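J.: I would like the atomic coordinates for the input below:
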Amino acid sequence: MTSKGLISFFSEDIAFQLDNQNNTALWAQKTISKEAKKTGDITYVFCSDTYLHKINLEHLNHDTFTDIITFNYCDGDLISGDIFISIDRVKENAITFHTTFKEELNRVMIHGILHLVGYNDKSDSDKELMRSKEDFYLSLHPK
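T.: Predicted structure coming up:
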């Protein structure tokens, strides 16, 4: 699998560093490739609830907390974008959904990639397809 794109990981306003960044980047690239797309430049930004809430207000006019906001810069089959993830929300959701932080973080990370390749989660049927895709790609994540 060859790719000219770059998958980067940053944190804003929190001290967080993703373990196994190379494996995670390869997993995201594999997901994109399996969806018949090409990897462009993708940036993951890990942040706090406060930081992501501010983005939600400023860019989407939503006054709610969320675990992820994805900005799509795709050009045809070239997948590019910024994926902002609230670590606070991921931690809370892991407890709520009775899973580990790592599993929930991986789910949210692949959820962002799936949005970039064209999947949505507005309707019940879209949510069902998105969840099924998440489960499939989570099974491919290197342990």
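J.: so the closest residue to residue 114 other than its chain neighbours, which of the three states?
T.: Leaving out its chain neighbours, the residue that sits closest to residue 114 by C-beta to C-beta, 6 or more residues apart in numbering is residue 133, at 5.4 Å. Just so you know, the C-beta spots here come from the backbone N, C-alpha and C atoms, and that holds for glycine as well. Following DSSP: H, G, I helix; E, B strand; the rest coil, residue 133 is assigned to helix.
J.: and residue 57, how many residues sit next to it?
T.: Other residues lying near residue 57 total 12 when counted by other C-beta atoms under 10 Å.
J.: same check, this time on residue 108
T.: 21.
J.: Give me the local confidence score for it.
T.: Note for residue 108: predicted pLDDT of 97.
J.: what do you get for residue 143?
T.: pLDDT at residue 143 comes out at 67.
J.: tell me which residues of the strand or helix carrying residue 46 are tucked away?
T.: Counting by DSSP states H and E, the element that carries residue 46 is strand 38-47. Within strand 38-47, the residues that count as buried by 16 or more other C-beta atoms under 10 Å are 38-40, 42-47.
J.: ok, of the residues you listed, which one's closest to residue 12?
T.: Distance to residue 12 across the buried residues of strand 38-47 (C-beta to C-beta) is lowest for residue 47, with 4.5 Å.
J.: which residues does the nearest residue to the closest one once chain neighbours are set aside contact?
T.: Using C-beta to C-beta, 6+ apart and skipping the chain neighbours, the partner closest in space to residue 47 is residue 12 (4.5 Å). Shown in contact with residue 12 (C-beta atoms under 8 Å, 6 or more residues apart in numbering): 45-47, 51.
J.: for this protein, what spans make up the helices?
T.: 21-34, 49-60, 87-96, 101-117, 124-138 (DSSP state H).
J.: and residue 6, which of those helices is closest to it?
T.: Short answer: helix 21-34, nearest of the helices of the chain by C-beta to C-beta, at 8.4 Å.
J.: roughly how far is the closest one from the heart of the chain?
T.: Distance, stretch centre to chain centre, for helix 21-34: 12 Å (C-alpha atoms, centre = their mean, to the nearest Å).
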